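Enquirer: Okay, here's the prediction I keep looking at, along with the sequence it came from:
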Amino acid sequence: MPWDLIPLNSGYSIPSLAYGTGTLGSGQWPIDQLTQAFDTGFYHIDTAQLYRNEAEVGVTIGELGLERSDVFITTKFSGYNGLDIPTSIQNSLEYLNTSYVDLYLIHNPDIAVPDIPTVWAQMEKVQEAGFARSIGVSNFNEKQLEILLSSAKIKPAANQRGRSTIKIYLHPYNYQQQSPTLEYAAKYDIVIEAYGALTPVTSEPGGPVDVPLSEIATRLGATNDQVLLAWIKAKGAVVVTTSSKKARLLSYLAAGDIALSAEDVKAIDTAGAIGEKRITVKHGLRKLGVGVVFGILILVACSYFKGRNKRRNVVEAMWRH
């Protein structure tokens, strides 16, 4: 199935479909799910220090007897427990039972302390030492990439628009918002990895994108999920997805065979832009509603305590007399 390899600026290539472990937790469950993913045909595994299941990835690869060269491993420096990059990469390699990872990312810009250039210099040492074949970032915007590149000796190979504390995804309903970062990344040959591609059908159903998705899916004999994954592929991004159901994993693999026309991509883009505006307004009204309720509660509390203090003052005055 043609989920092709995408060339990286490091000279290596990255599989364009990845199995994400961010929601799996630790223990036997992720081992079972990873075994299913490998058996189904996923050989790009995306984990992180923060997910606390790097060891489970290593155990699964060992139990299945997979050759290291047959698996693409992405993991991330998450600043977990205040550990620095030199310590974190060594811990990750030990957990994963490997001498190198294929891609090592800074999980989000907030952990680039004291600053992005200093932390990126440490990442460069990781690659230079052979502990990571490629290095990159996650959840960086164009301004943060610009700061990084201003002092970098090695360009980041990838920028994952992934799930983290700041929760930045990539899907039709935020494509316009993400466009400046995508364009900046393309300018410097930085591959985008997309998390949350299925958001329009999982979290925002009934929106404008449903119409072109259904029309395209019907015409191509596919599902809406598959069309969304094909849309990400058409954008030249890596898809990071997950599921506990083997049938869905097989469906995601089969989506690699779907080739959208330029008109299909444009139809999804257009509907996504409309939906993005509606969702922005909806979320804004929701926040406003929460703010109003919170304000009312504060007023009620203030009135209560004001009245209580007034009654207490009256009682105290009576006792004084």
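Expert: Okay, I see it. Numbering: from 1, shown residues only.
Enquirer: quick one, strands of the chain?
Expert: Here the chain has its strands, by DSSP state E, at 5-7, 13-15, 17-20, 44-46, 72-77, 101-106, 132-138, 158-161, 191-195, 238-241.
Enquirer: Pipe those into TSV and attach mean pLDDT and distance to residue 219 per row.
Expert: Every residue, glycine included, has its C-beta placed from N, CA and C. Formatted as TSV, the strands of the chain follow (pLDDT from 0 to 100; distance: least, C-beta to C-beta, whole Å):
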stretch	mean pLDDT	distance to residue 219
strand 5-7	97	27
strand 13-15	98	28
strand 17-20	97	23
strand 44-46	98	29
strand 72-77	98	33
strand 101-106	98	36
strand 132-138	98	35
strand 158-161	92	28
strand 191-195	94	24
strand 238-241	96	22
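Enquirer: Save those strands as CSV, and put in distance to residue 90 and mean neighbour count too.
Expert: What follows is the strands of the chain, written out as CSV (distance: least, C-beta to C-beta, whole Å; neighbours: other C-beta atoms under 10 Å):
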stretch, distance to residue 90, mean neighbour count
strand 5-7, 28, 14
strand 13-15, 23, 20
strand 17-20, 24, 26
strand 44-46, 19, 25
strand 72-77, 11, 27
strand 101-106, 12, 26
strand 132-138, 12, 25
strand 158-161, 22, 28
strand 191-195, 24, 25
strand 238-241, 25, 25
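Enquirer: List the residue ranges of the stretch 201-321 of the chain that fall below the pLDDT cut-off.
Expert: Where the stretch 201-321 of the chain drops to pLDDT under 70, the residues are 280-321.
Enquirer: Around the residue nearest to residue 30 when sequence neighbours are not counted, how many other residues sit close by?
Expert: The spatially closest residue to residue 30, leaving aside those adjacent along the chain, is residue 24, at 3.9 Å (C-beta to C-beta, 6 or more residues apart in numbering). Using other C-beta atoms under 10 Å, residue 24 has 22 other residues around it.
Enquirer: cool, residue 38 as well?
Expert: 19.
Enquirer: what's the answer for residue 220, then?
Expert: Neighbour number of residue 220 under other C-beta under 10 Å is 17.
Enquirer: before we move on, back to that, per-residue pLDDT of the residue nearest to residue 30, please?
Expert: Note on residue 24: pLDDT of 97.
Enquirer: Now do the phi/psi pair for it.
Expert: Backbone torsions for residue 24, taken as degrees, to the nearest 10, come to phi -90, psi -20.
Enquirer: what about it, distance to residue 37?
Expert: 10 Å (C-beta to C-beta, to the nearest Å).
Enquirer: shared neighbours, those two?
Expert: Common contacts of residue 24 and residue 37 (C-beta atoms under 8 Å, 6 or more residues apart in numbering): none found.
Enquirer: Residue 240: what's it in contact with?
Expert: Applying C-beta under 8 Å, 6+ apart to residue 240 gives the contacts 18-20, 46, 160, 162, 193-195.
Enquirer: how about the helices in the stretch 201-321 of the chain?
Expert: All helices of the stretch 201-321 of the chain, identified by DSSP state H, counting those that start in this stretch, fall at 210-220, 224-234, 246-254, 262-320.
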